[in-house]
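Chemist: got a sequence here, can you model it:
(chains A and B)
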Amino acid sequence: MPGGIIFEFPELFLTGLWLTIQISVLGLIGAIVIGTLVALARVSPLVPLRWIGGAYVEFFRNTPLIVQLFFWFLGLGALGFRFSTDTFESIFRAAATGMALYHGAYVAEVVRGGLLGVDRGQVEAARSLGLSYLQMVRYVQLPQTVRSVIPPLGNIGIALVKNTSLASTIGVAELLYAAEIVESRTFRAEEAFIAATMLFLLLTIPLGIIVNELERRLLVAR
Amino acid sequence: MRPDTWPMFADPAIWGFFFEGLRETIYLAVVSIALSFVVGLLFALGRLSRKRWIRWPSIFYIEGVRALPVLLLIVYFDIKGSALFRPFFALLGLDFDLPRFWAGVLGLSMYTSAVLAEIIRAGIVSLPRGQSEAARALGLSHAQTMRSVILPQALRLMVPAMMGQLTTVIKDTSLVGTIGVFELLKQGGTIYKLFFNPFEVLLIVATIYFVICFALSQASRRLEVGRAPRETRVKIRDIELRDQAA
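Modeler: Now for the predicted structure:
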């Protein structure tokens, strides 16, 4: 049976799956927070803030994620900075941080698109009614943005799940790492990779269906 | 800070080292994008085919591959690649060992071909139906219509999106270092393992990637090749968000 090897090494594959899920969820939450802040900076009336936001997006999007992960873990490590005293925790946190920072740049672009999509007249109306800039953002712009950014955020979430595989390169024992360990123990590469493939598909295919459905519904309702 | 870690970069030999890695990175990216364009075009046409036995396998390939991490494909071809091709070479009485470079190319191309197939398909679908109907009414066959009417326009529209994929592939080549190809990142790894200065080396490596990818993405924004309809641009953006790998 394909994937039967999962039950021979349940601790490796299931811990791997669980770590993949953890990093994905933490990374996505972090990316949404960072992305929203960067997007607000990019549309703010303060020029230096806009400039910093733009630089953030361009820099994080145009360098490979794996280089960024190496940088957070090895590069900062060489300067004596560790995310935690515990090695395992340290790697895990470096991976989650790297995921959040990298995908935050993509979230920022999506949220910025949503913010700019809000009609200018509403912004001006809110301001002339006496709302401060921050109140206007909080009560007028952001609520209307939420709806339009949900499908693209879902797509970023899928990318994030797939990209957690890169955490294996800095030593997080997620799914791909589990498959590699099993392969090196048993030399059954075919089975180990089919098992990892199946577990990844178990995460990404339902997510893909949900995102497509959301896209369709929000499109109909718009 | 450790003050003794920067002066070593004055040595041209170090830069020669980075340059070798960069050359490998560019080879990987160019070969992969060329291969995946051809394969992607075939699968895009396959997915639009009216014959079910062509359409279904194409959908299966595209959706299946897009749902997987590139790194998984690369590592898989590294471990299993030789065994996959050995039977063909055995027929010729040859032994075969898949070089790691090509294992990387196969992994990258497999993934990118699925993404490019979706981009090309979005371009084809964005053209008004009247185009193909007019071509057919003028007596062109389906294949002729595709080749001389639809594809030239669709591919033109998709040039910026395909340039975007090129930057993605350049970033993804950094993953091929994990299977032991000495591209830019791996070459940097050799340096910092020797001099214990990952901070400095990784900053330089990141800057090199940034300069290339930033220049390419700016260039693709400036291209003037006509504008796809809004719906298509939204579709392309979603493909890029979901499939931009590393």
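Chemist: how much space between the spatially closest residue to B:Ala219 that is not a sequence neighbour and A:Tyr106?
Modeler: Distance criterion CB to CB, 6 or more residues apart in numbering or on different chains; nearest residue to B:Ala219, sequence neighbours excluded, is B:Met163 at 6.9 Å. C-beta coordinates here come from the backbone N, C-alpha and C atoms, glycine included. Distance, B:Met163 to A:Tyr106, by CB to CB, to the nearest Å: 18 Å.
Chemist: how many neighbouring residues does B:Gly180 have?
Modeler: Neighbourhood size, B:Gly180 [other CB atoms under 10 Å in any protein chain shown]: 12.
Chemist: gap between stretch B:202-217 and the chain center?
Modeler: Offset of stretch B:202-217 from its chain centre (CA atoms, centre = their mean, to the nearest Å): 17 Å.
Chemist: the closest residue to B:Gln153 other than its chain neighbours: how many residues sit nearby?
Modeler: Distances taken as CB to CB, 6+ apart place B:Leu127 nearest to B:Gln153, at 5.8 Å, with adjacent residues excluded. Counted with other CB under 10 Å, residues neighbouring B:Leu127 total 18.
Chemist: next: A:Gly80.
Modeler: 7.
Chemist: contacts for stretch B:129-141?
Modeler: Here stretch B:129-141 makes contact (CB atoms under 8 Å, 6 or more residues apart in numbering or on different chains) with B:His142, B:Gln144, B:Thr145, B:Ser148, B:Val149, B:Ile150, B:Gln153.
Chemist: export stretch B:109-117 to PDB, keeping only CA atoms.
Modeler: The C-alpha coordinates for stretch B:109-117 follow below in PDB (Å, rounded to 0.1, in the frame of the first residue of the first chain):
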ATOM      1  CA  SER B 109      11.600  22.200 -14.400                       C
ATOM      2  CA  MET B 110       8.900  19.800 -13.300                       C
ATOM      3  CA  TYR B 111       7.600  22.400 -10.900                       C
ATOM      4  CA  THR B 112       8.000  25.400 -13.100                       C
ATOM      5  CA  SER B 113       6.500  23.700 -16.100                       C
ATOM      6  CA  ALA B 114       3.200  23.200 -14.100                       C
ATOM      7  CA  VAL B 115       3.200  26.900 -13.100                       C
ATOM      8  CA  LEU B 116       4.000  28.100 -16.600                       C
ATOM      9  CA  ALA B 117       1.300  25.800 -18.000                       C
END
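Chemist: is chain A contacted by it?
Modeler: No. Taking CB under 8 Å from any CB of the partner chain as the criterion, stretch B:109-117 and chain A are apart, separated by no less than 9.7 Å.
Chemist: cool, and stretch B:50-70?
Modeler: Yes. Using CB under 8 Å from any CB, stretch B:50-70 reaches chain A at B:Glu63, B:Gly64, B:Ala67, B:Leu68, B:Pro69, B:Val70.
Chemist: returning to what we had before: the more surrounded of B:Met163 and A:Tyr106?
Modeler: More crowded of B:Met163 and A:Tyr106, by other CB under 10 Å: A:Tyr106, with 23 against 17.
Chemist: quick one, helices of chain B?
Modeler: Counting by DSSP state H, residue ranges of the helices within chain B are B:12-48, B:52-66, B:70-91, B:100-126, B:129-137, B:142-145, B:151-157, B:159-176, B:184-195, B:198-222, B:230-243.
Chemist: which pLDDT value belongs to the residue nearest to B:Gln153?
Modeler: B:Leu127 carries a pLDDT value of 90.
Chemist: now do the helices in chain A.
Modeler: For chain A, helices defined by DSSP H occupy the ranges A:5-8, A:10-43, A:47-61, A:65-70, A:76-78, A:87-117, A:120-128, A:133-136, A:142-163, A:175-186, A:189-221.
Chemist: most tightly surrounded among those?
Modeler: Per residue and on average, the most neighbours among the helices of chain A fall to helix A:65-70, with a mean of 26 (mean count of other CB atoms under 10 Å in any protein chain shown).
Chemist: contact partners for the residue nearest the centre of chain A?
Modeler: Using CA atoms, centre = their mean, the residue of chain A that lies closest to the mean C-alpha position is A:Leu28, 3.9 Å off. Counting by CB under 8 Å, 6+ apart, A:Leu28 touches A:Ala100, A:His103, A:Ile156, A:Gly157, A:Leu160.
Chemist: low pLDDT regions in chain A?
Modeler: Scanning chain A with the threshold set as pLDDT under 70 gives A:220-222.
Chemist: could you redo the last one with a cut-off of 50?
Modeler: Within chain A, no range satisfies pLDDT under 50.
Chemist: contacts only, for residue 147.
Modeler: All of this is about chain A. Taking CB under 8 Å, 6+ apart, we find A:Arg147 in contact with A:Leu218.
Chemist: what distance separates stretch B:177-196 from the centre of its chain?
Modeler: 22 Å.
Chemist: and B:Gly130, how close does it get to chain A?
Modeler: Here the criterion is CB to the nearest CB, to the nearest Å. By it, B:Gly130 lies 24 Å from chain A.
Chemist: residues near that residue, how many?
Modeler: Neighbours of B:Gly130 under the rule other CB under 10 Å: 9.
Chemist: helices and strands of chain B: which one has the lowest mean pLDDT?
Modeler: Counting by mean pLDDT, DSSP states H and E, the weakest-scoring helix or strand in chain B turns out to be helix B:230-243, with a mean of 84.
Chemist: kind regards, and thank you for your time.
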